[in-house]
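Colleague: could you look at this predicted model? Sequence included:
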Amino acid sequence: MKSSPGGPFRVTPRAILIGVVYVVFLAALTPYNDYYIRNTFLAGNHFPIGSFFLFSLLVIGVNPVMRRLGLRNTLSPTELLVVWVMMLVGSGIPSSGFLRYHLFMLTAPTYFENSSNDWARLFYELLPDWLVVKDAKAAKAFYEGLDPLAPIPWGLWVRPACIWSGYVLLTYFVMLCITVILRKQWVEHERFAFPLVKLPQEMVEEPTAGKAFNAFFRNPMTWAGFALPVLVHTLNGVHAHIPSVPHLPLNIDPNALFAERPWTGLRWMRMTIYPTVVGFSYLLPLDVSLSFWLFYLLFKAQSVASVAMGAGVNGFTMANRQEMGGYIALTLYMLWLARRHLANIARATFTSAKTDDGREALSYRVALLGLIGGTLGLSLMCKLAGMSFWLGLTIHLLFYMMCVVLTWMVTDGGFLFLLAIFRPSDYVVIPLGTSRLAPSALTIMAYEKTLMFDLREVMMPHMMNSLKAADVGRVRHRRLLLPIGLAIVVALAVSYVSGLWVWYRKGGLNLGYWHAPEPFDRLTRQLVNPTGTNWVEMLYVGIGMAFMSGLIFMRYQFTWWRLHPLGYAMTTSWAPYTVWFSFFWGWLLKYAIMRGLGFKGYRTWRPFFLGMVVGDALMAGVWVIVGLFTGVPYRIMPG
């Protein structure tokens, strides 16, 4: 990245101020836009489209206008990247990263408890008063909405909000410590690709003297790619508001073809084109994009075979438990690759040995001790809530494992939209059963849905991508700690206020996302019908470990092997269901271009696919704004 000496290396106050303003705006708007209007999610993945829309306004709106007017004090590349990083870490907090399930979880036991479900006897009294909202009137108003002039009961939320905020901030600190520990191994030793950082990097390049736009935006291929989603979404967005206007369907529903056994195993299948996903998948190595969609289809084939054979375990459960085993194998392999680096960190922490950590956001000693101390603190909080200390410790270590694997997928695999459909507790419940766990432990375990269930916006990949963006802007990582920390705290505070306002004014039952008490229905089944070890599911976890180990061996021993292990680690969740078809098209188009035109052709067409992402994001922003006034949702990315 070209930059003038001095200035671009500083994290300036105005960059932090702009970042804070943007974070406040996103956190305030997200609950209303995502849950009430049900528009395109402002975050929704690890390339948050709302944040990118605001970032694009600065890059292709504010800066070029300032240059045209002869103003010299434009935002530098470093300032733009600082704003992007702040929005990145703050974007998921009002969404699936925290708030979406959190507020429901604090009120559902009180609202849904009645004599027929027997929750009062089973677990309600096991919930600490300081952990949830037990005021019946407040819970009723939360779900059904307040009268327009009735005040929101803010006071009842202060204690649980403060306690949960402390838990979340400590969790994020531990994630930062893990990110610092792994960064050098992944960036400098294994040289991860970081595909999601490449577009912001291209966009913030300084233009040549006298030019309003840089080379990326002066390339006709960029604007050709930009025009494609703009035309499609303009037509389809108008159709959403005026159904008589024709549209270009981006979704094919093949499920009517799968009405007979064993083909019912292919249901439910979705074939949707998302230009952003197609654009980013073009950046990926062919083996990565191939593996994403191919393993999804192999999972569907396994489901068909399961139906045909009348297996006692359905195809989804078989594949899901294999996926769990795959996570274990990937984590063990990652630890093996990083063994020397991790040993150096341990020596630097517990002995007088020196190590080079001057570029890191935290010293290695602080990072490792912070990881240990933070994890012990989180486990102690679980014990105070009613779970055993050792079970809390185990759950958090398993959560870290899942976060590390997902961060690997995002930062090296470029999977901007991903989920793990299982939960950390599944690794405990499958081998031990629920009969060996205390009712109080199972009750607190249900609250993993707040932060450990829907990981499409989990914080750790955002942190790793942020540190890579700092390298692009040549900013010392420690100078990013203040902007990142400020963005997280501000997003958390504003999310609580905006979320509670939307839930109480509109009523949680009208918001459409997971207001049903699913975790507590699941908890009820566990308490009423306790189980022992599930040997069948244990078998499939073992099969997954073995198969993933074989994929890893083939991948790194034979150059001709074309299947990437990361594809096997994500087959059963909502993510591949929605975006596999877009990955297929990104792979197919790149394969055709590389086959016909070689690497030079790939370079020529690269701006076209990145332009598609820019056009898609800008149209998402436009229709979000329109939807806020019309109340008509229009989805551009999966929900």
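Modeller: Nice, thanks for sending it over.
Colleague: average pLDDT for the longest helix along the chain?
Modeller: If you go by DSSP state H, the chain has its longest helix at helix 574-630. Per-residue pLDDT values over helix 574-630 give a mean of 94.
Colleague: just give me how far that helix sits from the chain centre.
Modeller: 19 Å (CA atoms, centre = their mean, to the nearest Å).
Colleague: show me what it is packed against.
Modeller: The contact analysis (3 or more CB pairs under 8 Å, 6 or more residues apart in numbering; DSSP states H and E) places helix 574-630 against helix 49-57, helix 195-204, helix 220-241, strand 271-272, helix 275-283, helix 286-309. In this view, the C-beta of every residue, glycine as well, is placed from N, C-alpha and C.
Colleague: is it correct that Pro109 falls within a helix?
Modeller: Yes. Membership of Pro109 in a helix is supported by DSSP: H, G, I helix; E, B strand; the rest coil.
Colleague: for it, which residues are in contact?
Modeller: Trp119, Phe123, Tyr124, Leu127, Val132, Lys134, Pro517, Phe520 (CB atoms under 8 Å, 6 or more residues apart in numbering).
Colleague: show the average pLDDT along stretch 403-413.
Modeller: Here the average pLDDT along stretch 403-413 is 94.
Colleague: contact partners of that stretch?
Modeller: So stretch 403-413 is contacted by 46, 175, 178-179, 182, 186, 190, 192-194, 196, 284, 288, 292, 327, 330-331, 334, 415-416, 418, 420, 455, 458, 460-461, 464-465, 468, 564, 566, 569-570 (CB under 8 Å, 6+ apart).
Colleague: which single one of the contacts of Pro109 is nearest to His477?
Modeller: Checking these against His477 by CB to CB gives Val132 as the nearest, at 37.8 Å.
Colleague: spatially nearest residue to that closest one (excluding sequence neighbours)?
Modeller: Leu106 (4.8 Å; CB to CB, 6 or more residues apart in numbering).
Colleague: that's a helix at the one you found, yeah?
Modeller: Yes. According to three-state DSSP, Leu106 belongs to a helix.
Colleague: would you mind measuring from it to Leu442?
Modeller: 18 Å (CB to CB, to the nearest Å).
Colleague: likewise Tyr172?
Modeller: Taking CB to CB, one finds Tyr172 at 26 Å from Leu442.
Colleague: so what's the spatially most central residue of the chain up against?
Modeller: What sits nearest the mean C-alpha location of the chain, by CA atoms, centre = their mean, is Glu457, with 2.2 Å. Each residue near Glu457 by CB under 8 Å, 6+ apart is listed here: Ala43, Gly44, Asn45, His46, Pro48, Ser91, Gly92, Ser95, Ser96, Gly97.
Colleague: do the same with Pro285
Modeller: Ala193, His564.
Colleague: give me the pLDDT for it.
Modeller: Here the pLDDT value assigned to Pro285 is 91.
Colleague: give me the three-state assignment for the residue in the chain sticking out farthest from the centre.
Modeller: Largest separation from the mean C-alpha position in the chain: Gly70, at 40.2 Å (CA atoms, centre = their mean). Secondary structure state of Gly70, per three-state DSSP, is coil.
Colleague: okay, now the unreliable bits of the stretch 401-550 of the chain?
Modeller: 512-515 (pLDDT under 70).
Colleague: what about the helices in it?
Modeller: Secondary structure of the stretch 401-550 of the chain (DSSP state H, counting those that start in this stretch): helices at 426-432, 439-445, 459-472, 481-506, 518-528, 535-557.
Colleague: now for the ones you listed, which one comes closest to Ala620?
Modeller: helix 459-472 (18.9 Å).
Colleague: and the closest one, what does it pack against?
Modeller: On the basis of 3+ CB pairs under 8 Å, 6+ apart, helix 459-472 makes packing contacts with helix 77-91, helix 154-184, helix 195-204, helix 389-411.
Colleague: and the contacts of that helix?
Modeller: For helix 459-472, contacts defined as CB under 8 Å, 6+ apart pick out 1, 46, 81, 84-85, 88-89, 91-92, 97, 171-172, 175-176, 178-179, 182-183, 186-187, 194, 196-197, 200-201, 361, 403-404, 406-407, 410-411, 476-477, 479-480, 484.
Colleague: try stretch 58-78
Modeller: 1, 3-4, 7-12, 14-15, 18, 80, 83, 203-207, 211-213, 217, 473-475, 614.
Colleague: how about the nearest residue to Val174, chain neighbours excluded?
Modeller: Gly374 (3.9 Å).
Colleague: where's the one you found, which helix or strand?
Modeller: Gly374 is located in helix 364-385, with elements delineated by DSSP states H and E.
Colleague: follow-up on the earlier one: just the contacts of Glu457 now: which is nearest Ala256?
Modeller: Using CB to CB, the contacts of Glu457 come closest to Ala256 at Gly44, 28.2 Å.
Colleague: now for Ala308: which residues touch it?
Modeller: Arg261, Pro262, Gly265.
Colleague: per-residue pLDDT, it?
Modeller: 82.
Colleague: okay, now the closest residue to Glu518 other than its chain neighbours: neighbour count?
Modeller: The shortest distance from Glu518 to any non-neighbouring residue, by CB to CB, 6+ apart, is to Lys449 (7.9 Å). When neighbours are defined as other CB atoms under 10 Å, Lys449 has 21 of them.
Colleague: sketch out the low-pLDDT regions of the stretch 151-300 of the chain for me.
Modeller: Answering for the stretch 151-300 of the chain: no residues sit below the bar, that is pLDDT under 70.
Colleague: please repeat the previous calculation with a cut-off of 80.
Modeller: 210, 265, 267-268 (pLDDT under 80).
Colleague: find the nearest non-adjacent residue to Gly414, please.
Modeller: That would be Pro195: by CB to CB, 6+ apart, it lies 3.4 Å from Gly414.
Colleague: the one you found and Pro254, how far apart?
Modeller: For Pro195 relative to Pro254 (CB to CB), the value is 29 Å.
Colleague: same question for Ser291.
Modeller: For Ser291 relative to Pro254 (CB to CB), the value is 22 Å.
Colleague: what of Gln302?
Modeller: For Gln302 relative to Pro254 (CB to CB), the value is 18 Å.
Colleague: neighbour-wise, which of those two wins?
Modeller: Gln302 (18 against 12).
Colleague: didn't the more buried one look like it was pressed against Asn320?
Modeller: No. Using CB atoms under 8 Å, Gln302 is not in contact with Asn320, being 11.0 Å away.
Colleague: thinking again about what came up before, among the helices of the stretch 401-550 of the chain, which comes closest to Val579?
Modeller: Judging these by CB to CB, what sits closest to Val579 is helix 459-472, at 16.2 Å.
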